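> sequence and predicted model, in that order:
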Amino acid sequence: MEREMKFNKRNIFFYFFGFFILGLGVTSMIISDFGAGPWDTVTKNLSVLIGLSLGTTSFIIAVILMVIVLGYTRKWKLIFMLIPILLVALSLDFWDIVIFGGYFPSTIFLRTLFYILGVIVIPLGLAFIISSKFPAFVFDELMIMLMTIFKTDKVAAIRVVIEITGITLGTVFGFSAGVRFGAVGVGSVLMAIVLGPILAFFLKILGGKENEKA
């Protein structure tokens, strides 16, 4: 799937706004303590294991996945994924360290609100990024790669597989770090199921081409 990049105000806004709110969504789900997003459980639990910030850990994971995507697709222009990888890392540390700074909601109601915010904002941010046609975050390029491999345009199905893989890795890192499931919770499983359909919905609204049949 080729994505034609056009440098205009709409796409530039979509791109940077997408990454900005993506960090908010990820941090909100972690704060809720109901379970982070599937791949965010990998970031959170691995950050505990190796003692680095969410942003730095996210950067390490994303670079590894970028190498895998580059190795398969041989599309070396995807090296520009380093830009979104860095933007995600900065966004995560901005929301986690600067804005929330260890805040934990005191009631179930507030925790629920943070979780719902994350469930909505994460796929919305991803939809903005993909719709900009600029280099997507590595998970989205991975999704596009798998859609090509399996010759399918079913965003939801492919995304569910990717997210379940994330939960599995997150669990492994959690037990390795001595925090058992850590950031993995019931909310992680729910997010793995609904992220694909919600992403496809937002892509249709924003006019993304990677969606069109969920």
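Alright, I've got the coordinates. Numbering: from 1, shown residues only.

> could I get the buried residue list for stretch 100-107?
100, 105 (16 or more other CB atoms under 10 Å). Every C-beta, even on glycine, is put in place using the N, C-alpha and C of the backbone.

> what does it rub up against?
Outside stretch 100-107, the residues that touch it by CB atoms under 8 Å, 6 or more residues apart in numbering are 27, 31-33, 111, 113-114.

> ditto for stretch 117-131
14-15, 17-22, 24-29, 32, 37, 84, 136-137, 139-140, 190-191, 194-195, 198-199, 201-203, 205-208, 210-211.

> turn the contacts of stretch 100-107 into JSON lines, columns for neighbour count and distance to Ile68.
JSON lines is the format used below for those (neighbours: other CB atoms under 10 Å; distance: CB to CB, whole Å):
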{"residue": "Thr27", "neighbour count": "27", "distance to Ile68": "26"}
{"residue": "Ile31", "neighbour count": "22", "distance to Ile68": "30"}
{"residue": "Ser32", "neighbour count": "24", "distance to Ile68": "30"}
{"residue": "Asp33", "neighbour count": "15", "distance to Ile68": "31"}
{"residue": "Arg111", "neighbour count": "17", "distance to Ile68": "35"}
{"residue": "Leu113", "neighbour count": "14", "distance to Ile68": "36"}
{"residue": "Phe114", "neighbour count": "23", "distance to Ile68": "32"}
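
> which one of these is nearest to Leu65?
Thr27 (20.6 Å; CB to CB).

> thought that closest one was touching Trp95?
Yes. Using CB atoms under 8 Å, Thr27 is in contact with Trp95, at 4.0 Å.

> any idea how far the lowest-mean-pLDDT helix or strand in the chain is from the chain center?
Every helix and strand of the chain was ranked by mean pLDDT, DSSP states H and E. The lowest is helix 138-149, at a mean of 85. Distance of helix 138-149 from its chain centroid, counting by CA atoms, centre = their mean, to the nearest Å, is 13 Å.

> packing partners of it?
The contact analysis (3 or more CB pairs under 8 Å, 6 or more residues apart in numbering; DSSP states H and E) places helix 138-149 against helix 54-73, helix 108-131, helix 155-176.

> what comes up buried for stretch 28-46?
Quick answer for stretch 28-46 (16+ other CB under 10 Å): 28-32, 34-46.
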